[in-house]
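Chemist: Please work out how this folds:
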Amino acid sequence: MPALPEARESLTYWESRAQTLPRRAVRKRREARAMAARWRNRVTEAERLEYGAGLLGAVFMVLAERRLPTTTRHTGRTLVKAAMWTAVVTTVLVVALLAALLAAAVALVV
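Modeler: Numbers count the residues shown, from 1 in each chain. Next up, the predicted model:
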């Protein structure tokens with residue numbers, strides 16, 4: 001079996017295992033995240049060997065397989081998670097500020 005499909009299959013397994021394990025299985029989830037990181041590095045190296053490094057390699061990969069390189073996909077998911085948490089925290093802070101302003105306005109009126 002060629003290195004790239006095997007590495008992608010293993011990466012998919014470890015990523016799905018990390019997502020499906022229950023929260024209380026801390027050690028197993030830690031192991032799954034560590035193995036997913038190792039396989040992500042292996043997939044990245046296999047993609048570089050097959051398509052080349054840098055932007056040109058990414059373009060070749062998109063043209064050949066219609067998929068983004070693994071590092072780009074992983075970085076994109078990480079950025080989306082960070083943006084989501086930032087939006088949640090900002091929303092909570094704005095609601096808390098509005099509640100404080102409303103309480104101050106009620107206190108002034110009374």
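Chemist: Ranking helices and strands of this structure by mean pLDDT, which lands last?
Modeler: helix 54-65 (a mean of 90; mean pLDDT, DSSP states H and E).
Chemist: hmm, who's touching stretch 17-32?
Modeler: Trp14, Glu15, Arg33, Ala36 (C-beta atoms under 8 Å, 6 or more residues apart in numbering). (Each C-beta comes from the backbone N, C-alpha and C, glycine too.)
Chemist: ok, 7 Å please
Modeler: Identification of contacts with stretch 17-32 by C-beta atoms under 7 Å, 6 or more residues apart in numbering yields Trp14, Arg33, Ala36.
Chemist: and Arg23, how many residues sit next to it?
Modeler: Look at Arg23: counted by other C-beta atoms under 10 Å, it has 6 neighbours.
Chemist: Can you tell me the SS state at it?
Modeler: Following DSSP: H, G, I helix; E, B strand; the rest coil, Arg23 is assigned to coil.
Chemist: phi, psi of it?
Modeler: Main-chain dihedrals, Arg23, degrees, to the nearest 10: phi -60, psi -30.
Chemist: and the gap between it and Glu31?
Modeler: Here the criterion is C-beta to C-beta, to the nearest Å. By it, Arg23 lies 15 Å from Glu31.
Chemist: what does Glu15 give?
Modeler: From Glu15 across to Glu31, the span is 13 Å (C-beta to C-beta).
Chemist: The two: who's more crowded?
Modeler: More neighbours surround Glu15 than the other of Glu15 and Glu31, with 19 against 15 (other C-beta under 10 Å).
Chemist: That one reaches Arg38, doesn't it?
Modeler: No - contact between Glu15 and Arg38 fails when scored by C-beta atoms under 7 Å: they sit 11.7 Å apart.
Chemist: for stretch 73-84, what is the average pLDDT?
Modeler: In this model, stretch 73-84 has a mean pLDDT of 93.
Chemist: let me redo that: stretch 88-108
Modeler: Stretch 88-108 comes out at a mean pLDDT of 97.
Chemist: got the angle between whichever strand or helix holds Leu102 and helix 54-65?
Modeler: Assigned by DSSP states H and E, Leu102 belongs to helix 70-109. For helix 70-109 against helix 54-65, the angle between stretch directions is 100 degrees (axes from the mean of the first three to the mean of the last three C-alpha atoms, to 10 degrees).
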